[in-house]
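In: Give me a model of this one.
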Amino acid sequence: MNYTELKDQELVDLFITSSDNDCIKELISRYKSKIYTYILLNVKDRELAEDIFQETFIKVIKSLRKGRYMEKGIFLSWVVRISHNLIIDHYRRDKHLKVTSTDQTDADLFNSKKFAEKNIEDKMVQSRIEFEVRQLINELPKDQKEVILLRHYGEMSFKEIAEQTGVSINTALGRMRYALINLRKMIEDRNLQLYA
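Out: Take a look at the predicted model:
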(Lines give C-alpha, C1' and ligand atoms only; values in the text may rest on other atoms or scores of the structure.)
Protein backbone atom coordinates (compact mmCIF):
# COMPACT_ATOMS: atom_id res chain seq x y z
CA MET A 1 0.00 0.00 0.00
CA ASN A 2 1.24 3.48 -0.85
CA TYR A 3 0.64 5.45 2.35
CA THR A 4 1.80 8.76 0.85
CA GLU A 5 -1.31 8.82 -1.36
CA LEU A 6 -3.72 8.44 1.57
CA LYS A 7 -5.34 11.45 3.24
CA ASP A 8 -4.74 12.12 6.96
CA GLN A 9 -8.18 10.84 7.93
CA GLU A 10 -7.68 7.63 5.94
CA LEU A 11 -4.37 7.01 7.71
CA VAL A 12 -5.95 7.71 11.11
CA ASP A 13 -8.87 5.35 10.38
CA LEU A 14 -6.51 2.64 9.13
CA PHE A 15 -4.34 2.95 12.25
CA ILE A 16 -7.37 2.81 14.56
CA THR A 17 -8.84 -0.26 12.85
CA SER A 18 -5.65 -2.22 12.14
CA SER A 19 -2.91 -0.73 14.38
CA ASP A 20 -0.78 -0.37 11.24
CA ASN A 21 2.33 1.50 12.48
CA ASP A 22 3.21 2.61 8.94
CA CYS A 23 0.18 4.92 9.07
CA ILE A 24 1.61 6.75 12.09
CA LYS A 25 5.07 6.85 10.49
CA GLU A 26 3.54 8.55 7.44
CA LEU A 27 1.64 11.10 9.55
CA ILE A 28 4.76 11.89 11.59
CA SER A 29 6.76 12.24 8.40
CA ARG A 30 4.18 14.68 6.96
CA TYR A 31 4.07 16.97 9.97
CA LYS A 32 7.28 16.51 11.94
CA SER A 33 8.80 19.72 10.59
CA LYS A 34 5.74 21.88 11.41
CA ILE A 35 5.16 20.36 14.85
CA TYR A 36 8.83 20.42 15.85
CA THR A 37 9.18 24.05 14.65
CA TYR A 38 6.06 25.06 16.59
CA ILE A 39 7.43 23.47 19.78
CA LEU A 40 10.94 24.91 19.28
CA LEU A 41 9.58 28.45 18.74
CA ASN A 42 7.78 28.16 22.08
CA VAL A 43 10.45 26.49 24.24
CA LYS A 44 13.58 27.86 22.48
CA ASP A 45 15.64 24.80 23.44
CA ARG A 46 16.39 22.03 20.93
CA GLU A 47 16.77 19.22 23.45
CA LEU A 48 13.54 20.14 25.24
CA ALA A 49 11.76 20.57 21.88
CA GLU A 50 12.81 17.05 20.87
CA ASP A 51 11.53 15.64 24.18
CA ILE A 52 8.17 17.39 23.86
CA PHE A 53 7.95 16.36 20.17
CA GLN A 54 8.40 12.69 21.14
CA GLU A 55 5.96 13.06 24.03
CA THR A 56 3.44 14.63 21.63
CA PHE A 57 3.42 11.66 19.28
CA ILE A 58 3.36 9.15 22.16
CA LYS A 59 0.22 10.93 23.35
CA VAL A 60 -1.18 10.99 19.80
CA ILE A 61 -0.72 7.22 19.47
CA LYS A 62 -2.23 6.52 22.91
CA SER A 63 -5.20 8.81 22.20
CA LEU A 64 -5.86 7.16 18.83
CA ARG A 65 -5.69 3.69 20.39
CA LYS A 66 -8.15 4.74 23.11
CA GLY A 67 -10.55 6.20 20.52
CA ARG A 68 -10.12 9.80 21.70
CA TYR A 69 -9.69 11.33 18.25
CA MET A 70 -12.88 13.16 17.28
CA GLU A 71 -11.45 15.93 15.11
CA LYS A 72 -12.33 14.41 11.70
CA GLY A 73 -10.27 16.14 9.04
CA ILE A 74 -8.06 18.44 11.11
CA PHE A 75 -5.37 16.06 12.32
CA LEU A 76 -2.58 18.67 12.26
CA SER A 77 -4.41 21.21 14.42
CA TRP A 78 -5.27 18.39 16.88
CA VAL A 79 -1.57 17.45 17.14
CA VAL A 80 -0.57 21.12 17.52
CA ARG A 81 -3.07 21.43 20.38
CA ILE A 82 -1.59 18.35 22.09
CA SER A 83 1.95 19.75 21.76
CA HIS A 84 0.75 23.15 23.03
CA ASN A 85 -0.78 21.51 26.12
CA LEU A 86 2.44 19.57 26.75
CA ILE A 87 4.46 22.81 26.52
CA ILE A 88 2.15 24.39 29.12
CA ASP A 89 2.48 21.29 31.33
CA HIS A 90 6.27 21.54 31.08
CA TYR A 91 6.28 25.19 32.20
CA ARG A 92 3.90 24.45 35.05
CA ARG A 93 6.17 21.62 36.29
CA ASP A 94 9.26 23.76 35.76
CA LYS A 95 7.74 26.63 37.75
CA HIS A 96 7.07 24.34 40.73
CA LEU A 97 10.62 22.95 40.66
CA LYS A 98 12.46 26.28 40.53
CA VAL A 99 12.53 27.60 44.09
CA THR A 100 15.37 29.96 45.03
CA SER A 101 16.26 31.20 48.48
CA THR A 102 17.63 34.74 48.92
CA ASP A 103 19.83 33.34 51.71
CA GLN A 104 22.10 31.72 49.09
CA THR A 105 23.16 34.94 47.37
CA ASP A 106 24.35 38.43 48.26
CA ALA A 107 22.19 40.07 45.60
CA ASP A 108 18.54 40.83 46.28
CA LEU A 109 16.76 38.59 43.78
CA PHE A 110 13.50 40.49 44.04
CA ASN A 111 15.24 43.72 43.04
CA SER A 112 16.01 42.19 39.65
CA LYS A 113 14.28 43.34 36.43
CA LYS A 114 13.53 39.67 35.78
CA PHE A 115 11.14 39.62 38.73
CA ALA A 116 9.74 43.11 38.30
CA GLU A 117 5.96 43.30 38.80
CA LYS A 118 5.52 44.86 35.35
CA ASN A 119 6.89 41.69 33.68
CA ILE A 120 4.58 39.45 35.70
CA GLU A 121 1.63 41.75 35.01
CA ASP A 122 2.44 41.86 31.27
CA LYS A 123 2.56 38.06 31.18
CA MET A 124 -0.78 37.81 32.98
CA VAL A 125 -2.39 40.33 30.63
CA GLN A 126 -0.94 38.53 27.58
CA SER A 127 -2.16 35.19 28.89
CA ARG A 128 -5.66 36.63 29.46
CA ILE A 129 -5.73 38.11 25.93
CA GLU A 130 -4.72 34.76 24.42
CA PHE A 131 -7.42 33.00 26.46
CA GLU A 132 -10.12 35.48 25.37
CA VAL A 133 -9.07 35.28 21.71
CA ARG A 134 -9.19 31.47 21.89
CA GLN A 135 -12.70 31.67 23.41
CA LEU A 136 -13.82 33.93 20.55
CA ILE A 137 -12.30 31.57 17.96
CA ASN A 138 -14.27 28.69 19.51
CA GLU A 139 -17.50 30.59 18.80
CA LEU A 140 -16.80 30.94 15.07
CA PRO A 141 -18.53 28.67 12.53
CA LYS A 142 -16.62 25.38 12.17
CA ASP A 143 -15.06 26.14 8.74
CA GLN A 144 -13.84 29.60 9.89
CA LYS A 145 -12.52 28.23 13.18
CA GLU A 146 -10.64 25.50 11.31
CA VAL A 147 -8.85 27.93 8.96
CA ILE A 148 -7.82 30.20 11.89
CA LEU A 149 -6.44 27.24 13.86
CA LEU A 150 -4.53 25.84 10.90
CA ARG A 151 -3.14 29.25 9.87
CA HIS A 152 -2.19 30.74 13.23
CA TYR A 153 -1.69 27.74 15.50
CA GLY A 154 -0.60 25.22 12.89
CA GLU A 155 1.38 27.84 10.91
CA MET A 156 0.17 26.42 7.60
CA SER A 157 0.15 28.32 4.32
CA PHE A 158 -3.19 28.91 2.59
CA LYS A 159 -2.14 26.38 -0.07
CA GLU A 160 -1.60 23.77 2.68
CA ILE A 161 -4.89 24.71 4.34
CA ALA A 162 -6.71 24.32 1.02
CA GLU A 163 -5.18 20.85 0.52
CA GLN A 164 -5.85 19.83 4.14
CA THR A 165 -9.51 20.89 4.07
CA GLY A 166 -10.25 19.90 0.48
CA VAL A 167 -11.23 23.38 -0.75
CA SER A 168 -9.75 25.93 -3.16
CA ILE A 169 -7.23 28.53 -1.97
CA ASN A 170 -9.83 31.26 -2.65
CA THR A 171 -12.33 29.47 -0.39
CA ALA A 172 -9.69 29.16 2.37
CA LEU A 173 -8.86 32.88 2.02
CA GLY A 174 -12.58 33.74 2.06
CA ARG A 175 -13.10 31.74 5.25
CA MET A 176 -10.19 33.56 6.87
CA ARG A 177 -11.62 36.93 5.79
CA TYR A 178 -15.05 36.12 7.26
CA ALA A 179 -13.43 34.72 10.42
CA LEU A 180 -11.56 38.01 10.97
CA ILE A 181 -14.70 40.08 10.26
CA ASN A 182 -16.67 37.97 12.77
CA LEU A 183 -13.90 38.22 15.38
CA ARG A 184 -13.78 42.03 15.03
CA LYS A 185 -17.57 42.20 15.38
CA MET A 186 -17.54 40.03 18.52
CA ILE A 187 -14.75 42.16 20.02
CA GLU A 188 -16.73 45.37 19.31
CA ASP A 189 -20.05 43.93 20.52
CA ARG A 190 -18.50 42.83 23.81
CA ASN A 191 -16.36 45.95 24.13
CA LEU A 192 -13.25 43.84 24.75
CA GLN A 193 -9.83 45.47 25.15
CA LEU A 194 -7.49 42.97 23.53
CA TYR A 195 -4.12 44.65 23.89
CA ALA A 196 -1.37 44.52 26.47
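In: what's around Lys159, how many residues?
Out: Neighbour count for Lys159, taken as other C-beta atoms under 10 Å: 10. For every residue, glycine as well, the C-beta is placed using N, CA and C.
In: Could you report the separation of the residue lying closest to it once chain neighbours are set aside from Val147?
Out: The shortest distance from Lys159 to any non-neighbouring residue, by C-beta to C-beta, 6 or more residues apart in numbering, is to Ile169 (6.0 Å). Distance, Ile169 to Val147, using C-beta to C-beta, to the nearest Å: 11 Å.
In: Tell me which of those two has more neighbours.
Out: Using other C-beta under 10 Å as the criterion, Ile169 and Val147 rank with Val147 on top: 28 against 14.
In: Once you drop chain neighbours, what's closest to that one?
Out: Arg175 (4.4 Å).
In: ok, how many other residues are close to the one you found?
Out: 23.
In: In the chain, what helix or strand scores lowest on average pLDDT?
Out: helix 117-138 (a mean of 70; mean pLDDT, DSSP states H and E).
In: can you list contacts of whichever helix or strand comes after that helix?
Out: Going down the chain from helix 117-138, the next helix or strand is helix 142-148, by DSSP states H and E. The contact list for helix 142-148 (C-beta atoms under 8 Å, 6 or more residues apart in numbering) reads 73-74, 77, 137-138, 140, 161, 165, 172, 175-176, 178-179, 182.
In: Include secondary structure and distance to Gly154 when you put these into JSON lines, please.
Out: Formatted as JSON lines, the contacts of helix 142-148 follow (DSSP: H, G, I helix; E, B strand; the rest coil; distance: C-beta to C-beta, whole Å):
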{"residue": "Gly73", "secondary structure": "coil", "distance to Gly154": "13"}
{"residue": "Ile74", "secondary structure": "coil", "distance to Gly154": "9"}
{"residue": "Ser77", "secondary structure": "helix", "distance to Gly154": "5"}
{"residue": "Ile137", "secondary structure": "helix", "distance to Gly154": "13"}
{"residue": "Asn138", "secondary structure": "helix", "distance to Gly154": "16"}
{"residue": "Leu140", "secondary structure": "coil", "distance to Gly154": "16"}
{"residue": "Ile161", "secondary structure": "helix", "distance to Gly154": "8"}
{"residue": "Thr165", "secondary structure": "helix", "distance to Gly154": "11"}
{"residue": "Ala172", "secondary structure": "helix", "distance to Gly154": "13"}
{"residue": "Arg175", "secondary structure": "helix", "distance to Gly154": "14"}
{"residue": "Met176", "secondary structure": "helix", "distance to Gly154": "13"}
{"residue": "Tyr178", "secondary structure": "helix", "distance to Gly154": "19"}
{"residue": "Ala179", "secondary structure": "helix", "distance to Gly154": "14"}
{"residue": "Asn182", "secondary structure": "helix", "distance to Gly154": "20"}
